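Engineer: Sequence and predicted model, in that order:
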Amino acid sequence: MSRYSGSEGSYYQDDPSYYGDGGSVSYNSGADDPSNSYYGDDGNTQYTEDQQSQAQRSYSDNPGAMQAYDETQQPYDDNQSYTSRGSNADYSQSQRSNASASRHSGYRDDASGVAGGYNGGFDGQGYDDANNASMRSDEFSEAPTEYDEYGNPVPRGMPSDYYGDSQRSFTERGEGVPEDEPRFEEVMDEEEKKRRARRRRAWCCCLLLLCCLLILIILLIIFLYALSKDEDERITPAPTFAPFVDDTDDDFYYDDDIPIAPGIVTSTMAPIDFDCDFDNGVGFPHVFDQCKCDQIISILPSDVIQMRALIVERLFPKIYIHNNYTLDLQSCDPTNLGLIWLSSGDNRDSGEIRQRYALAVTYFALNGTVWDYDDAWLTDLNECLWLGVQCNNRDAVNSFAIDTNNIFGWMPTEITRLVGLAAIAITRNHLTGTIPTFFFEMPRLQELRLYANRLTGSIPPEVGLAPALESLRVDTNFLAGTLVTEIGNITTLTDLNIGFNRFRQQIPSEIGQLQNLRFLSMAGNFFSGRVPSEIGRMDSLRSFRLQDNLLNGNIPSQFGLLWNIQELRLAGSGMGGILPTELGLMTNLQRLDLGFSNFNGPIVTELGKLTNLFYLALNDCKFTGTVPAELGSLWNLTRIQLQDNKLTGTIPDAFGKWANLETLVIDGNKFTGEAPPAVCDLRNDRLTRFIATCSRDGSPGFLCERPRCCTVCRQAIDDPF
């Protein structure tokens, strides 16, 4: 066998071997005579003398190509297949078998990267052109354990596609590929398409998962929203009992049980239908419809009558303690209407019996049938769930508050039986009559708010008996008369508002005893006389409103002791005189309104110490002199009104420090000079309203360019134009 190994391929023949190409190629002739062998200069190349010249000639003619030789020097024979691409060679199947017999010798050309026999990187022995070195693996000497596709043993570690390297090299170039096999580019394109398809599927799956996750989150949000809405609309059970804590209003409870035939259900009363046809067959007619049509209650089932008698026997001694209360069965009094409602159906077992009775009487006394809203009232639900009713953690009613609900009538005395009540607020409705004295007998009542109704009379002297009252608001009614001196006995009071009524005469000095009072409003009345100086003792006072009255005299200097006051409104109160310098001591003052009064003299410079002031109104008085520059220290000021006084001089440049100023009104005075540029520059910030009396046609007066500086220039009163 002969073999030719070129720089980029190998060729095998019968038996001889040829070594050449720099000591790495061998060719052996069939002659056995060693004298015919030739060793090259480097000692590694061996071939016969007969073949030397032809091998050198053939190989040198085309050193980049592979030539095949046999003993007759033919390029190839019929059993050989040769494919030349200028750099690679292939041979037939029979030659591959012969080549495998010489698998212990190989060749690798680093220049082309194509192995002639097998690559030196595999297990076995081979030669490297660059190093002319022999390489052998430790595992190459082991007995072969595998066979290739031609039946030849393959040493361990040799790749299964060893003989396909050359073919794969040709395939990569697209040459010498059989027609029935796909081209390499087509295979690669197909693989790339598959990879791209896999990537697209992966992206689609990811996007689908993200969309599903997003939809799941949206559905979860909708579910939680619907759940919370359902919880708001769902009727909750009555409050549960909490551990007993003594001496706190929140833990009040009724310690005496009043058993009224629990579990017994009597005849059901029909709902109110405002119809006088009582033959509708739905229960017995509602007592309200009977009273509206017949002015008496004439239709009552016997079991309801018996239950009514039982309630009167057991409940009334708890409600009407000081007398034997009797009530006509056919009466249309709210007390009887509430009693019959309680006696019908199963209206007794859902809550505390005395609370349900007192609230039912209140419903009929306040014309509950015409309320705008009466949610859950007079139903079998717990009374703590009725509109405007609030209970503590022991199911005791502690608040009854209904605002703007078209309520007429007046509160019945039965409401006082709710001894746990801490707040009563019936506001912006149509309550009539006087303020009942029983309100001030309720032991736990802290807030009584009856403002914006139609109350008449005056505040009763019994108000001084209120043991726990903290807030009394009866403003915007038709109360009249004098303010009782007993008002000073409510030492727990923190909020007193009697404004916009018709109270007359002097303010009682006893009001100064309300040391805990924080908010005091007497505005919009007909109080006269002097303001008591005792008000200066109310050092907890934060807001004092006394505007729109018929008072006289000046501001007591004791007002300077009101350290915590934040709002002082005396506009239109009738007070006058010179401002006391003690006003500068009220350093927490934020609003000072003295307009439309009889104050005169200069504006005291001590007002410049009220650095928390944001509203100052000294308009429509009789102030004289110049405006003190100390007012420029009021850097929090947003609105100042000095119009319609007798002020003179110029506007101080210090007014330009009012960076937060929004409104400046100084018309109706006798100012001269020109508006300071610093003040005009405020128009670029927040100043949107600057009204002054300006001179015209060069006449003497106050100069203010409009609209760059002043927004409105008024005409002087004595100006003929």
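Structural biologist: Looks like it came in fine.
Engineer: What ranges does the stretch 301-450 of the chain have for its helices?
Structural biologist: Chain-ordered helices for the stretch 301-450 of the chain, with DSSP state H, counting those that start in this stretch as the definition, fall at 302-314, 316-319, 334-343, 353-365.
Engineer: how about those helices in TSV, adding mean pLDDT, distance to A629 and mean neighbour count?
Structural biologist: Yep, even glycine has a C-beta here, placed from its N, CA and C like the rest. Shown next, in TSV, are those (pLDDT from 0 to 100; distance: least, C-beta to C-beta, whole Å; neighbours: other C-beta atoms under 10 Å):
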stretch	mean pLDDT	distance to A629	mean neighbour count
helix 302-314	93	78	16
helix 316-319	88	70	16
helix 334-343	94	68	22
helix 353-365	95	62	23
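Engineer: so where does L520 fall, helix or strand?
Structural biologist: Assessed by DSSP states H and E, L520 sits inside strand 519-521.
Engineer: buried ones in that strand?
Structural biologist: 519-521 (16 or more other C-beta atoms under 10 Å).
Engineer: related to what we said a few turns ago, just so I know, which of the helices of the stretch 301-450 of the chain lies nearest R708?
Structural biologist: Between R708 and the helices of the stretch 301-450 of the chain, the shortest separation by C-beta to C-beta is 64.5 Å, and it involves helix 353-365.
Engineer: low-confidence ranges in the stretch 551-700 of the chain?
Structural biologist: Within the stretch 551-700 of the chain, the segments meeting pLDDT under 70 span 697-700.
Engineer: Please enumerate the strands of it.
Structural biologist: Assigned by DSSP state E, counting those that start in this stretch, the stretch 551-700 of the chain shows strands spanning 567-569, 576-578, 591-593, 598-601, 615-617, 622-626, 639-641, 646-649, 663-665, 670-671, 673-674, 689-693.
Engineer: Please produce a markdown table containing those, extended by mean neighbour count.
Structural biologist: Below are the strands of the stretch 551-700 of the chain laid out as a markdown table (neighbours: other C-beta atoms under 10 Å):
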| stretch | mean neighbour count |
| --- | --- |
| strand 567-569 | 20 |
| strand 576-578 | 15 |
| strand 591-593 | 20 |
| strand 598-601 | 17 |
| strand 615-617 | 21 |
| strand 622-626 | 16 |
| strand 639-641 | 20 |
| strand 646-649 | 15 |
| strand 663-665 | 21 |
| strand 670-671 | 20 |
| strand 673-674 | 14 |
| strand 689-693 | 21 |
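Engineer: and of the ones you listed, who's closest to D681?
Structural biologist: Among the strands of the stretch 551-700 of the chain, strand 689-693 sits nearest to D681 (C-beta to C-beta), with 11.5 Å.
Engineer: which residues are in contact with the closest one?
Structural biologist: Contact with strand 689-693 is made by 643, 662-669, 671, 675, 679, 683, 701-702, 704, 709-716, as judged by C-beta atoms under 8 Å, 6 or more residues apart in numbering.
Engineer: So which elements touch the top helix by length along the chain?
Structural biologist: Once the chain is assigned using DSSP state H, the helix that runs over the most residues is helix 184-233. Helix 184-233 sits against helix 165-173, with contacts defined as 3 or more C-beta pairs under 8 Å, 6 or more residues apart in numbering; DSSP states H and E.
Engineer: average pLDDT across the helix it packs on?
Structural biologist: Mean pLDDT, computed over helix 165-173, is 43.
Engineer: that older thread, go through the contacts of strand 689-693 and flag which are in helices.
Structural biologist: V679.
Engineer: Quick one, which of the contacts of strand 689-693 are buried?
Structural biologist: Buried among those by 16+ other C-beta under 10 Å: 643, 662-669, 671, 675, 679, 683, 701-702, 704, 709-711, 713-714, 716.
Engineer: What is the neighbour count of S267?
Structural biologist: 16 (other C-beta atoms under 10 Å).
Engineer: ok, how many other residues are close to the spatially closest residue to it that is not a sequence neighbour?
Structural biologist: Distances taken as C-beta to C-beta, 6 or more residues apart in numbering put P301 closest to S267, at 3.9 Å, once the chain neighbours are dropped. Applying other C-beta under 10 Å, we find 16 residues neighbouring P301.
Engineer: Please tell me how far N612 sits from R354.
Structural biologist: 51 Å (C-beta to C-beta, to the nearest Å).
Engineer: cool, and A423?
Structural biologist: 19 Å.
Engineer: start to end distance for stretch 260-267?
Structural biologist: Taking C-alpha to C-alpha, to the nearest Å, stretch 260-267 runs 16 Å from one end to the other.
Engineer: What lies in contact with it?
Structural biologist: Against stretch 260-267 from outside (C-beta under 8 Å, 6+ apart): 283-284, 301, 303-304, 307, 310-311, 314-315, 343-346, 348-349, 353.
Engineer: repeat that with 6 Å
Structural biologist: Identification of contacts with stretch 260-267 by C-beta atoms under 6 Å, 6 or more residues apart in numbering yields 284, 301, 303-304, 307, 311, 344, 346, 348-349, 353.
Engineer: Report the contact partners of D372.
Structural biologist: Counting by C-beta under 6 Å, 6+ apart, D372 makes contact with 405-406.
Engineer: so how far is S528 from it?
Structural biologist: 41 Å.
Engineer: Repeat that for D653.
Structural biologist: Going from D653 to S528 by C-beta to C-beta gives 43 Å.
Engineer: hmm, back to that, kindly reformat the helices of the stretch 301-450 of the chain as TSV containing distance to F596.
Structural biologist: Output for the helices of the stretch 301-450 of the chain, formatted as TSV (distance: least, C-beta to C-beta, whole Å):
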stretch	distance to F596
helix 302-314	60
helix 316-319	53
helix 334-343	47
helix 353-365	43
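Engineer: Would you confirm that R542 contacts R518?
Structural biologist: Yes - with contacts counted by C-beta atoms under 6 Å, R542 reaches R518, the gap being 4.9 Å.
Engineer: For stretch 482-498, output the C-alpha coordinates as CSV.
Structural biologist: Output of stretch 482-498 as CSV, limited to C-alpha atoms (Å, rounded to 0.1, in the frame of the first residue of the first chain):
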residue,chain,number,x,y,z
THR,A,482,-80.5,87.6,77.6
LEU,A,483,-77.7,85.1,78.0
VAL,A,484,-78.1,83.5,81.4
THR,A,485,-75.4,83.9,83.9
GLU,A,486,-75.5,80.1,84.6
ILE,A,487,-73.6,79.6,81.4
GLY,A,488,-70.5,80.3,83.4
ASN,A,489,-71.1,77.2,85.5
ILE,A,490,-70.3,74.8,82.6
THR,A,491,-66.6,74.6,83.4
THR,A,492,-66.3,71.6,81.1
LEU,A,493,-67.3,73.6,78.1
THR,A,494,-64.8,73.9,75.2
ASP,A,495,-67.1,75.1,72.4
LEU,A,496,-69.9,77.7,72.7
ASN,A,497,-71.6,79.1,69.7
ILE,A,498,-74.7,81.2,70.1
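Engineer: burial count for P677?
Structural biologist: Around P677 there are 10 residues (other C-beta under 10 Å).
Engineer: show me what contacts it?
Structural biologist: Taking C-beta under 6 Å, 6+ apart as the definition, P677 has no contacts.
Engineer: Numbering from 359 from now on, please.
Structural biologist: All right, first residue 359 from here; so that's P1035.
Engineer: Please report how far it lies from E1063.
Structural biologist: 10 Å.
Engineer: what about D704, neighbour count?
Structural biologist: Neighbours of D704 (other C-beta under 10 Å): 13.
Engineer: Show me what the lengthiest strand in the chain is packed up against.
Structural biologist: As assigned by DSSP state E, the longest strand anywhere in the chain is strand 755-761. Judged by 3 or more C-beta pairs under 6 Å, 6 or more residues apart in numbering; DSSP states H and E, strand 755-761 is in contact with strand 747-749, strand 781-785.
Engineer: Count the neighbours of L736 for me.
Structural biologist: L736 is flanked by 24 other residues according to other C-beta under 10 Å.
Engineer: With L808 instead?
Structural biologist: Here the count is done by other C-beta under 10 Å, and L808 has 22 residues near it.
Engineer: if we can go back for a sec, just checking, which helix or strand succeeds the strand holding L878 along the chain?
Structural biologist: Reading on from strand 877-879 to the C-terminus, the next helix or strand found by DSSP H and E is strand 884-887.
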